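Any chance you can model this:
(one chain, ligands or ions: 1)
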Amino acid sequence: MRGVLITFEGVEGSGKTTQMLRLARWLRRRGHRVERTREPDGTPFGLAVRRLFERRDVPFQPLTETFLFLAARQQHVAERVRPWLRAGRVVLCDRYADATVAYQGYGGGVDPELIRELNVRATGGVLPDLTLLFDVDPAVGFRRMGRRRRDHFERQALAFHRRVRRGYLDIQRAEPKRVRVIDAARGIEAVEAEVRALVQEHLRGA
Ligand code: TMP
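This is a model prediction of the structure:
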């Protein structure tokens, strides 16, 4: 039996991580076998990549950054995602292939088509069954994050994050069946109700 891969995407402060936790609890109560994971740090290798990005003394080019996220993804799919899907799990992943298109592509100026091709290689064709896009104005997201520590990506200018948001919305328009957009400017409960409805609809049809 093949499992289901559900990915969570959105700009910083969109609330996706909170919603993923809540959904995991809800699905488990309903008897699903759920695995939670994240990118880039879903494996020890990916964690090392994330640490590298957090260092201010290590400069890098947008394409270098792209390769590192893809390397982390390849390792993550091989070590975690694919085996879980083979075991029939519902896999919830906080960021995945679309994040590289949105951040390094639209945000960083790397050719999005190139990233799409590299994503096919890195994932070995393991693409999300459903992607929940938590859409919010990045300025609202930043206010929500408050004083949480800011890594390299969070320190980028608001203009960068606006391009990221546009990138996500373009991805959604190109694949409206896979990517479902959720208005994340609303309160946690309203967003959660919509997440549950979308996931339930997907699992029923799966
Ligand atoms: P987080 O907000 O989900 O912890 O995200 C980690 C950071 O890494 C976030 O700023 C987005 C960034 N990122 C990319 O730029 N490209 C990617 O492919 C992934 C997975 C994350």
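
lowest-confidence helix or strand of the protein?
Confidence across the helices and strands of the chain bottoms out at helix 138-145, with a mean of 87, counting by mean pLDDT, DSSP states H and E.

Please point out which parts of it sit buried.
Buried positions in helix 138-145, judged by neighbour count with 16 or more other C-beta atoms under 10 Å: P138, G141, F142. Heads up, the C-betas are built off the backbone N, CA and C, glycines and all.

what's the closest non-adjacent residue to the last one?
Okay, so that is F142. Take F142 and drop its neighbours on the chain: the residue closest to it by C-beta to C-beta, 6 or more residues apart in numbering is G13, 5.7 Å away.

Confirm for me that A185 is in contact with P138.
No. Shown here, A185 and P138 do not form a contact pair, counting by C-beta atoms under 8 Å, at 11.4 Å.

Look at E12 and tell me its secondary structure.
coil (DSSP: H, G, I helix; E, B strand; the rest coil).

Ramachandran coordinates for it?
Dihedral angles phi and psi of E12 (degrees, to the nearest 10) take the values phi -60, psi 140.

And the most far-flung residue of the chain relative to its centre, how far from the ligand?
Ranked by distance from the centre of the chain (C-alpha atoms, centre = their mean), the top residue is D57, with 26.4 Å. From D57 over to the ligand the distance is 19 Å, taken as C-beta to the nearest ligand atom, to the nearest Å.

Phi, psi for the residue nearest to H32 when sequence neighbours are not counted please.
What sits nearest to H32 in space, not counting adjacent residues and going by C-beta to C-beta, 6+ apart, is V90, at 4.9 Å. For V90, the backbone dihedrals (degrees, to the nearest 10) come out as phi -90, psi 110.

mind starting the numbering at 49 from now?
Done: numbering now begins at 49, and the last item shifts to V138.

List the beta-bridge partners for V138.
With DSSP bridges applied, V138 shows beta-bridge pairing to V52, V82.

picking up where we left off before, what does the residue nearest to F190 show for phi and psi?
Dihedral angles of G61 (phi, psi; degrees, to the nearest 10) stand at phi 80, psi 20.

Hmm, it is touching R192, no?
Yes. Contact between G61 and R192 holds when scored by C-beta under 8 Å: they sit 4.2 Å apart.

re earlier: please look at the residue nearest to H80 and R78 and confirm they touch.
No. Taking C-beta under 8 Å as the contact criterion, V138 and R78 are not neighbours in contact, 10.1 Å apart.
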